[in-house]
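Engineer: Structure for this input, please:
(chains A, B, C and D)
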There are 2 protein chains.
Amino acid sequence: MRFSQGVEWMLHSVALLAQAPAGMAVSRRVLAEHYGLPEPYLAKPLKALVRAGILTASSGPSGGFRLAGRPEDITVLDIVEAVEGTSPPFICQEIRQQGTAGLSPAVCQKPCAVATMMDHAHQAWRASLRGITVVDLVKSTPKAIRDRNRADFAARLSG
Amino acid sequence: MRFSQGVEWMLHSVALLAQAPAGMAVSRRVLAEHYGLPEPYLAKPLKALVRAGILTASSGPSGGFRLAGRPEDITVLDIVEAVEGTSPPFICQEIRQQGTAGLSPAVCQKPCAVATMMDHAHQAWRASLRGITVVDLVKSTPKAIRDRNRADFAARLSG
DNA sequence: GTATCCCTACTCGGATAATTCTTGTCCGAGTAGAGGAGG
DNA sequence: CCTCCTCTACTCGGACAAGAATTATCCGAGTAGGGATAC
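Structural biologist: Numbering: from 1, shown residues only, chains lettered A, B, ... in the order given. Presented below is the predicted three-dimensional model:
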């Protein structure tokens, strides 16, 4: 059980987009070069973020991606679920209703204890990620790096 | 991102094994018929539980699987991690060290904020599952079902 | 009647194919900006 | 000098292969129990 790499890529990319000057769009190519990632495949998770309403995309020269809303309103959970999907990792197959000891559907109207507890754990995981916003992510990065990113963006705007 | 089906199978199977009379071994075939599962493939996750020390296996007639320890000492987390592995779903690839904006290893001695928070969420998930034992699982099943399981095991012992 | 031996049949364990999902890649549609021509 | 038009080049989006992990399956090694036999 492992998350796709797109999760890490998008968490870092969104944090980087939050550091861009207001109104500036960052292209897929710039993101790929910034982190040394395979550029074509970045399209897949980026598109997922656009569909989820986290990013907006614009075409043409000086086009690219930018945040759709305020960084303090975007949680890490939003990003992770936009890439990985909202489906929980554990999906009850109701095996208690099958086999020689199969239970009648009448008895199984309430979810079984296994499914309930796995769901509780999943909600605990979600709550942990929902408590962190993109602003928190940016604040956690060392100031020297943020300064360098700012200078990098400024150079791109002028050049 | 989805758990393998073996997780659900083993959670139910261990709960069922906990209801068996002391010393009685339940074979793979009985488990498969009980839940209507593909019998040959049950071997894989069952073997994982044996390797993890949760179950013990015995060969020959009247052989099968039984709990290795007391049900109150076996947590749900033990079972899930025995089947799925202990590797966390998010593994930091340190992309901040790559690309044109790659950071020097000296700056990256402390894990990045993304990895730290994903790990916190994973630990919250583990803590939730660690708080539930097999005894809790059995107690959560309706009494009528437990009685039927007990009668079923008794019939198997005599017949 | 009892103890011993053998044999059958049932068990788990590892090695082996088919399928689904993630990963990686390519090319086409669309658009904004730059440059040149005309007024 | 200003405005309009065209053209270029850069962008995203969807469709297309390759590899890996999960799912599913088979057959062989080992063992415990039952039955027959000898004492």
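Engineer: Straight-line length of stretch A:83-98, end to end?
Structural biologist: 34 Å (C-alpha to C-alpha, to the nearest Å).
Engineer: Can that stretch be said to contact DNA strand D?
Structural biologist: No: Stretch A:83-98 stays clear of DNA strand D (C-beta under 7 Å from any atom of the strand), getting no nearer than 10.2 Å. In short, each C-beta sits where N, CA and C put it, glycine included.
Engineer: What residues of that stretch count as buried?
Structural biologist: A:83-84, A:88-90, A:92, A:95-97 (16 or more other C-beta atoms under 10 Å in any protein chain shown).
Engineer: now swap in stretch A:119-135 and tell me
Structural biologist: A:121, A:124-126, A:128-130, A:132-134.
Engineer: Work out the gap between it and the centre of the chain.
Structural biologist: With C-alpha atoms, centre = their mean, to the nearest Å as the basis, stretch A:119-135 stands 12 Å off its chain's centre.
Engineer: Report the central residue of chain A.
Structural biologist: A:Ile79 (2.0 Å; C-alpha atoms, centre = their mean).
Engineer: Which other helices and strands does the helix ranked longest in chain A contact?
Structural biologist: The residue-count maximum for a helix in chain A (DSSP state H) belongs to helix A:113-130. Judged by 3 or more C-beta pairs under 8 Å, 6 or more residues apart in numbering or on different chains; DSSP states H and E, the packing partners of helix A:113-130 are helix A:76-84, helix B:5-17, helix B:113-130, helix B:134-140.
Engineer: change it to 6 Å
Structural biologist: helix A:76-84, helix B:113-130 (3 or more C-beta pairs under 6 Å, 6 or more residues apart in numbering or on different chains; DSSP states H and E).
Engineer: so can I have TSV of the ones you listed showing mean pLDDT?
Structural biologist: Formatted as TSV, these follow (pLDDT from 0 to 100):
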stretch	mean pLDDT
helix A:76-84	96
helix B:113-130	96
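Engineer: Could you pull up the residues touching the residue nearest to the centre of chain A?
Structural biologist: Contacts for A:Ile79 were tallied using C-beta atoms under 6 Å, 6 or more residues apart in numbering or on different chains; they are A:10-11, A:14.
Engineer: Can you give me the distance of it to B:Cys112?
Structural biologist: 15 Å (C-beta to C-beta, to the nearest Å).
Engineer: okay, and the helix or strand of chain A with the least pLDDT?
Structural biologist: helix A:143-158 (a mean of 90; mean pLDDT, DSSP states H and E).
Engineer: residues of that helix that come out buried?
Structural biologist: Buried residues in helix A:143-158 (16+ other C-beta under 10 Å): A:149, A:152-153.
Engineer: now stretch A:133-142
Structural biologist: Buried, per 16+ other C-beta under 10 Å, within stretch A:133-142: A:133-134, A:136-138, A:141.
Engineer: how about the CA coordinates for that stretch, as PDB?
Structural biologist: C-alpha atoms of stretch A:133-142 as PDB (Å, rounded to 0.1, in the frame of the first residue of the first chain):
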ATOM      1  CA  THR A 133      -2.900  24.400   5.500                       C
ATOM      2  CA  VAL A 134      -0.600  25.500   2.700                       C
ATOM      3  CA  VAL A 135       0.400  28.500   4.700                       C
ATOM      4  CA  ASP A 136       1.600  26.300   7.500                       C
ATOM      5  CA  LEU A 137       3.700  24.400   4.900                       C
ATOM      6  CA  VAL A 138       5.300  27.600   3.600                       C
ATOM      7  CA  LYS A 139       6.000  28.800   7.100                       C
ATOM      8  CA  SER A 140       7.800  25.600   7.900                       C
ATOM      9  CA  THR A 141      10.400  26.000   5.100                       C
ATOM     10  CA  PRO A 142      13.600  27.800   6.100                       C
END
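Engineer: With that, I have no additional questions.
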